[in-house]
Structure formats: C-alpha cells, structure tokens
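Novice: Predicted model and sequence below, questions to follow.
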Amino acid sequence: MNMDLTGKIALVTGASGGIGRGVAVELAKHGAKVAVNYLSSEQGAAETVAEIEALGGKAQAFQADVTDVEAIGRLVSKIENAFGGSIDILVNNAGHLVQRLANAEMTEELYGKVMDVNLKSTVFVSKAVLPGMKASGGGRIVNMTSVAAHNGGGPGASIYAASKAAVLSYTKGLAKETASDGILVNAISPGFIGGTAFHATFTPDAARQATVQGIPLRREGTPGDVAGAVLYLVSELSAYVTGETIEINGGMFMR
C-alpha cells in the first residue's frame with residue numbers, strides 16, 4: 001500500500017488559498033489531477049493551479065458557489081468533462097465563520113449563511129459525486145470540521161461551532177451509508193492553523209499569541225499539517241478507516 005494517487009481525479013472545494021490550497025498541492029504532488037474550486041478569488045485559484053503546474057502536476061480552476069445546489073451539479077459535470085472521468089476524491093474544505101456575533105444578536109440571515117457554507121455545501125457536494133464514485137467502485141470523501149465542534153468555538157462563533165459539529169455527525173452517517181459501495185468518508189478537525197484567511201480576518205494578534213501559548217506543541221499549525229492528514233485519508237494507507245475524525249491541533253484538544 002502507498003500514497004500514489006496517479007490517475008485519480010480530486011475535487012477540493014474552497015482551494016484558492018489556505019488549507020484548501022495546501023491540500024490541493026499535496027494531492028497533486030502524489031499524482032492526482034486536481035479540480036481547484038473557488039467562489040470569488042479567481043486570482044487565488046489561479047495561483048493554486050500555477051503552484052501545482054510548477055511541480056509538474058495537473059490542475060484546473062473551477063468557479064462555483066457550493067451553497068447553490070444547481071451550481072454544484074454544473075461544477076461536477078464540468079470537472080468530469082475536463083478530466084475525462086468521475087471524481088474519485090472529494091475534499092469538502094469550503095467553509096466560513098462569516099461573522100462573529102453573539103446569540104443575543106443573531107439574525108436568521110447570518111444563521112443561514114453559516115449553516116449553508118459549512119453544512120449544506122458538504123451535504124450536497126457529497127451527494128453530487130456519489131453516483132460517479134459508486135459507478136467506479138469506490139472513492140474517498142474528506143470533510144472539514146473544526147476543534148470548535150468540540151468546544152463550542154470562540155466568542156460569537158457558536159453557530160459556526162454547531163455547523164461544524166453537524167459536519168462531524170454527518171460524516172459518520174454518510175460513512176455508514178456508503179461503506180458497502182467502497183466509499184470511505186472521514187473528517188479532519190483542524191485547531192489553530194496559521195497562514196489562513198480565517199485567523200487573519202477573525203483573530204486579533206493578542207488572541208493569536210495567547211492561543212499559541214496554550215498549545216502543547218507551542219506553535220500554530222500550517223496548511224501542510226492538515227494536508228498530510230488528508231493525504232493519508234485518501235490513500236490506500238487508510239483502507240480500513242471510515243467514519244473517523246482526525247484532530248490536527250498540536251495537542252490543544254485531546255479526545
């Protein structure tokens with residue numbers, strides 16, 4: 001068994017930067033043809049593709065709003081046509097806190113946005129790739145949850161935390177449904193990962209430093225730390241692993 005992904009077609013949602021870019025590049029390094037999905041950052045997606053191509057890999061950028069079910073269907077069709085086959089690997093990386101807001105001030109609009117980008121996208125992109133995976137005899141799906149799913153998140157992030165907890169639970173349910181079709185479904189739960197727009201936008205520097213001091217490994221994680229775990233889950237090394245969540249947090253949360 002090895003980590004060779006040659007001949008596999010992978011879709012990474014939200015891959016214009018941060019964790020998504022790290023995952024896309026790592027999969028390409030090991031032979032996968034990578035569909036780089038993005039919502040609005042065309043330049044970021046182009047940079048991800050360029051990085052992959054510079055390493056000798058194959059990738060193409062695909063714009064789509066993965067909270068829109070019709071757009072998801074079009075996205076999957078475009079990828080299959082571009083790469084000449086069905087998607088073998090799906091990494092549901094797209095997600096967002098959107099805004100920090102206390103529950104006392106929560107609006108229905110913000111609630112919907114947070115749940116859609118984190119849970120709805122995961123559910124319906126997964127649904128869209130399942131027929132192709134079943135027809136080809138199997139596949140791998142990796143969903144992105146968060147340490148917030150376990151601890152409720154930081155200030156003003158309870159709905160985000162709830163959406164990520166739902167992703168964790170959904171991963172287990174989907175794993176049970178698809179096991180007989182050879183489709184393995186697992187989740188990655190990142191902790192404090194630097195080099196991402198998430199913390200650059202939502203975490204003040206003082207809070208960042210305080211968080212790092214509380215991490216046993218005494219450093220922020222990197223997109224590469226997450227990408228390595230994803231690679232394991234989509235390779236043959238994880239052939240007997242499904243319905244699981246891998247914690248990537250430097251020891252800040254231990255189960």
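Specialist: Structure's in. What do you need?
Novice: and residue 94, what helix or strand is that in?
Specialist: For residue 94, there is no host helix or strand (DSSP states H and E).
Novice: go on, residue 211?
Specialist: helix 205-213.
Novice: could you give the mean pLDDT of that helix?
Specialist: If you average the pLDDT over helix 205-213, you get 78.
Novice: So which bits of that helix are buried?
Specialist: For helix 205-213, a neighbour-count test (16 or more other Cβ atoms under 10 Å) marks 211, 212 as buried. For glycine as for every other residue, the C-beta is placed from the backbone atoms N, C-alpha and C.
Novice: Just the C-alphas of that helix, formatted as PDB.
Specialist: The C-alpha coordinates for helix 205-213 follow below in PDB (Å, rounded to 0.1, in the frame of the first residue of the first chain):
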ATOM      1  CA  ASP A 205      -2.900  39.200  17.300                       C
ATOM      2  CA  ALA A 206      -3.100  39.200  21.100                       C
ATOM      3  CA  ALA A 207      -5.600  36.400  21.000                       C
ATOM      4  CA  ARG A 208      -3.400  34.500  18.500                       C
ATOM      5  CA  GLN A 209      -0.400  34.700  20.800                       C
ATOM      6  CA  ALA A 210      -2.400  33.700  23.800                       C
ATOM      7  CA  THR A 211      -3.800  30.700  21.900                       C
ATOM      8  CA  VAL A 212      -0.300  29.500  20.800                       C
ATOM      9  CA  GLN A 213       0.900  29.700  24.400                       C
END
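Novice: mind listing the strands for this structure?
Specialist: In the chain, the strands defined using DSSP state E lie at 9-12, 33-38, 58-63, 89-92, 139-144, 183-190, 245-248.
Novice: For those, give me a markdown table that also has mean pLDDT.
Specialist: As requested, the strands of the chain are arranged in a markdown table below (pLDDT from 0 to 100):
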| stretch | mean pLDDT |
| --- | --- |
| strand 9-12 | 99 |
| strand 33-38 | 98 |
| strand 58-63 | 98 |
| strand 89-92 | 99 |
| strand 139-144 | 98 |
| strand 183-190 | 98 |
| strand 245-248 | 97 |
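Novice: now these in TSV, with distance to residue 80 and mean neighbour count?
Specialist: TSV is the format used below for those (distance: least, Cβ to Cβ, whole Å; neighbours: other Cβ atoms under 10 Å):
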stretch	distance to residue 80	mean neighbour count
strand 9-12	8	29
strand 33-38	9	28
strand 58-63	11	19
strand 89-92	13	28
strand 139-144	13	26
strand 183-190	17	25
strand 245-248	29	18
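Novice: The closest residue in space to residue 43 that isn't next to it in sequence and residue 77: what is the separation?
Specialist: Leaving out its chain neighbours, the residue that sits closest to residue 43 by Cβ to Cβ, 6 or more residues apart in numbering is residue 16, at 7.9 Å. Applying Cβ to Cβ, to the nearest Å, the value for residue 16 to residue 77 is 21 Å.
Novice: Residue 166 too?
Specialist: Distance, residue 166 to residue 77, by Cβ to Cβ: 27 Å.
Novice: Counting neighbours, go ahead and name the busier of the two.
Specialist: The residue with more neighbours, out of residue 166 and residue 77, is residue 166; 18 against 11, by other Cβ atoms under 10 Å.
Novice: Can you name the residues that contact that one?
Specialist: Residue 166 makes contacts with 115, 118, 119, as judged by Cβ atoms under 8 Å, 6 or more residues apart in numbering.
Novice: Identify each buried residue in the longest helix anywhere in the chain, please.
Specialist: Ranked by residue count, the top helix of the chain under DSSP state H comes out as helix 158-178. Within helix 158-178, the residues that count as buried by 16+ other Cβ under 10 Å are 158-168, 170-171, 174-175, 178.
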